[in-house]
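Q: Give me a 3D structure for the following:
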Amino acid sequence: MSLGNPAHLLPPTFKSHITAWLAEDTPSFDFAGFVVGETPRAATLWAKSRGVLAGRPFFDEVFRQTGCTVEWHIEEGSPLTLSPPSTPKLKCATVRGPVRAILLGERVALNTLARCSGVATASAELAGLVREAGYQGKLAGTRKTTPGFRLVEKYGMLVGGADAHRMDLSSMIMLKDNHVWSRGSITDAVAAAKAVGGFSMKIEVEVQSEAEADEAIAAGADVVMLDNFTGDGVKIAARSLKDKWKGKREFLLEVSGGLTADNVAPYVCNDVDIISTSSIHQGVPHVDFSLKIEH
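A: Numbers count the residues shown, from 1 in each chain. This is a model prediction of the structure:
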């Protein structure tokens, strides 16, 4: 992300998440902290695997709350370039403070940074893959995030160059198959959504066929998701829909449903505005970091 500092996206409440994570990790006595005491020390953050660095604000806040300072040597969103054996690890930051305080925040900070960087890495890799295939639309994540950790994962997507899609159920109105079946029809579901969503809420409808897409567009959907189509099916339906509704309705087309780096190529089509996938944040490998006290 090069348009500004991604840390400025974060709400003040992210700090309360970190307070809770620290409380979870040390719910009573810090016995090991008693052993090391409060002698001022410095520790080096090392990256030990390749990837994209993401999560500096979370790392910083962990150590701010434990009474330490962090000096970064790598910018947010930068590639972590390692070339073993000559460069088996990369110096990313220096943490300074009482040794007990460094070790108090160590695991929470490393876990958060590793997960966030893993999401950013997967996002950057898949974004690069679809761009190389000529795709000009948006690559987006999904709402299939880890409860309690959504902010970190969505932040990682943005740093990695993917769209975060909607943050939660209150962001945009997405009518999936269960909503439509429960309401009775796409038309009725969209009408009900419009009645309460007002002018400021976009409405997205998940469809299983071109006929359902036509119904959603006619009803006034802002975004139509072609769910679990084949690659050829997406290309045919997307071209047909764009031609049919040109000059009549404005809408975006999204394609989703089990898309990964291994199978996304047949779906790359510039009649599709958004490719969404959970593969950039669900079950992705973490980037390996360690924090070592200088001695």
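
Q: got the buried residues for the host helix or strand of I275?
A: I275 belongs to strand 274-276 when elements are defined using DSSP states H and E. For strand 274-276, the neighbour count (16 or more other C-beta atoms under 10 Å) marks 274-276 as buried. In short, each C-beta sits where N, CA and C put it, glycine included.

Q: where are the low-confidence patches of the protein?
A: Applying pLDDT under 70 to the chain flags the ranges 1-2.

Q: Just the buried positions in the helix ranked longest in it, please.
A: Secondary structure of the chain per DSSP state H: the longest helix is helix 99-132. Buried residues in helix 99-132, counted by 16+ other C-beta under 10 Å: 99-106, 108-127, 129-130.

Q: Likewise for stretch 12-27?
A: Going by neighbour count (16+ other C-beta under 10 Å), the buried part of stretch 12-27 is 14-15, 17-18, 21-22, 26.

Q: again, but for stretch 213-231
A: 213-217, 219, 221-227, 229, 231.

Q: hang on, the earlier thing: pick the one among the buried residues of strand 274-276 closest to D163.
A: I274 (7.3 Å; C-beta to C-beta).

Q: Please tell me how far stretch 239-249 is from the chain's geometric centre.
A: 31 Å (C-alpha atoms, centre = their mean, to the nearest Å).

Q: For that stretch, output the C-alpha coordinates as PDB.
A: Provided in PDB are the C-alpha atoms of stretch 239-249 (Å, rounded to 0.1, in the frame of the first residue of the first chain):
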ATOM      1  CA  ARG A 239     -20.100 -11.100 -21.100                       C
ATOM      2  CA  SER A 240     -23.800 -11.700 -21.600                       C
ATOM      3  CA  LEU A 241     -24.800  -9.700 -18.500                       C
ATOM      4  CA  LYS A 242     -22.600  -6.700 -19.400                       C
ATOM      5  CA  ASP A 243     -23.900  -6.600 -22.900                       C
ATOM      6  CA  LYS A 244     -27.600  -7.100 -21.900                       C
ATOM      7  CA  TRP A 245     -27.700  -4.400 -19.200                       C
ATOM      8  CA  LYS A 246     -25.300  -1.900 -20.800                       C
ATOM      9  CA  GLY A 247     -26.900   1.600 -20.500                       C
ATOM     10  CA  LYS A 248     -29.800   0.200 -18.500                       C
ATOM     11  CA  ARG A 249     -28.300  -0.600 -15.000                       C
END
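
Q: now what about that stretch, what contacts it?
A: 210, 213-214, 217-218, 220, 224, 251, 253, 269, 271 (C-beta atoms under 8 Å, 6 or more residues apart in numbering).

Q: what's the answer for stretch 13-20, then?
A: Residues from elsewhere that reach stretch 13-20 (C-beta under 8 Å, 6+ apart): 57-58, 61-62, 65, 108, 112, 148, 151.

Q: In PyMOL, how would I select just the buried ones from those residues?
A: Of those, the buried ones can be selected in PyMOL as follows, counting by 16+ other C-beta under 10 Å:
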select buried, resi 57+58+61+62+65+108+112+151
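
Q: ok, back up a step: please flag which of the contacts of stretch 239-249 sit within strands.
A: Taking DSSP state E, the ones among the contacts of stretch 239-249 that sit in strands are 224, 253.

Q: Which members of the contacts of stretch 239-249 are the farthest-apart pair?
A: Between any two of the contacts of stretch 239-249 (C-beta to C-beta), the greatest distance is 24.3 Å, for G220 and C269.
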